[in-house]
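Student: sequence first, then the predicted structure:
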Amino acid sequence: QQQFVESGGGLVQPGGSLRLSCVASGFSLDAYAIGWFRQAPGKEREGVSCISNFYSGTQHADSVAGRFKISRDDAKNTVYLQMNDLKPEDTGIYYCAAAGLCAHPQHDYNYWGQGTQVTVSS
């Protein structure tokens, strides 16, 4: 089955850090841009960060810019999301998915995994 497996979530206090991992299963990452998305309770899923397969160009939502960093290791078929200075509003289920370009709309992304829960609370 072709999908991502996300891990690394957990409970963290405000100001803390987490590193999420996203491993591709059944396909190779190197042909795709990879996006991280999150869904908070009662809210729609939103894009957080994306990394291109062209020179690993990155982009981030304004709400996480300067705090989150996305990276990829195609040899390990893995994408990472380093999250620093976490805030309660970062709480949600984090997913990764693949598309041809970061600019593609969310519904064009594929290989969604089950997600990993991130909870930021004191």
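Tutor: That came through, no problem.
Student: could you use CA atoms for every contact and neighbour count after this?
Tutor: OK.
Student: just grab the bridge partners of S71 for me.
Tutor: S71 has these beta-bridge partners by DSSP bridges: Y80.
Student: shift numbering so it begins at 27
Tutor: Will do, 27 is the new start, and the previous item becomes S97.
Student: distance check, it against P40.
Tutor: 23 Å (Cα to Cα, to the nearest Å).
Student: same deal with S33?
Tutor: Taken as Cα to Cα, the span from S33 to P40 is 20 Å.
Student: same thing with G141?
Tutor: G141 is 21 Å from P40, by Cα to Cα.
Student: and P114, by the same measure?
Tutor: Distance from P114 to P40, by Cα to Cα: 6 Å.
Student: so what sits against both of those two?
Tutor: V146, S147 (Cα atoms under 8 Å, 6 or more residues apart in numbering).
Student: which one of G141 and P40 is surrounded by more residues?
Tutor: Neighbours per residue, other Cα atoms under 10 Å: of G141 and P40, the larger number sits with G141, 22 against 17.
Student: find the nearest non-adjacent residue to the more buried one, please.
Tutor: Take G141 and drop its neighbours on the chain: the residue closest to it by Cα to Cα, 6 or more residues apart in numbering is Y121, 4.5 Å away.
Student: what's that neighbour in contact with, if anything?
Tutor: E32, W62, F63, R64, W138, G139, Q140, G141, T142.
Student: likewise for D99?
Tutor: Going by Cα under 8 Å, 6+ apart, the list of residues near D99 reads V105.
Student: A91 too?
Tutor: Contacts of A91 (Cα under 8 Å, 6+ apart): none.
Student: pLDDT wise, what is it at?
Tutor: pLDDT, A91: 96.
Student: so which helix or strand takes in it?
Tutor: Assessed by DSSP states H and E, A91 sits outside every helix and strand.
Student: so what does it have for phi and psi?
Tutor: Torsion angles at A91 (phi, psi; degrees, to the nearest 10) stand at phi -60, psi 130.
Student: quick one: end-to-end length of stretch 81-89, please.
Tutor: Using Cα to Cα, the two ends of stretch 81-89 sit 24 Å apart.
Student: which residues of the chain fall in strands?
Tutor: 29-33, 36-38, 44-51, 59-65, 72-77, 84-86, 94-99, 104-109, 118-125, 142-146 (DSSP state E).
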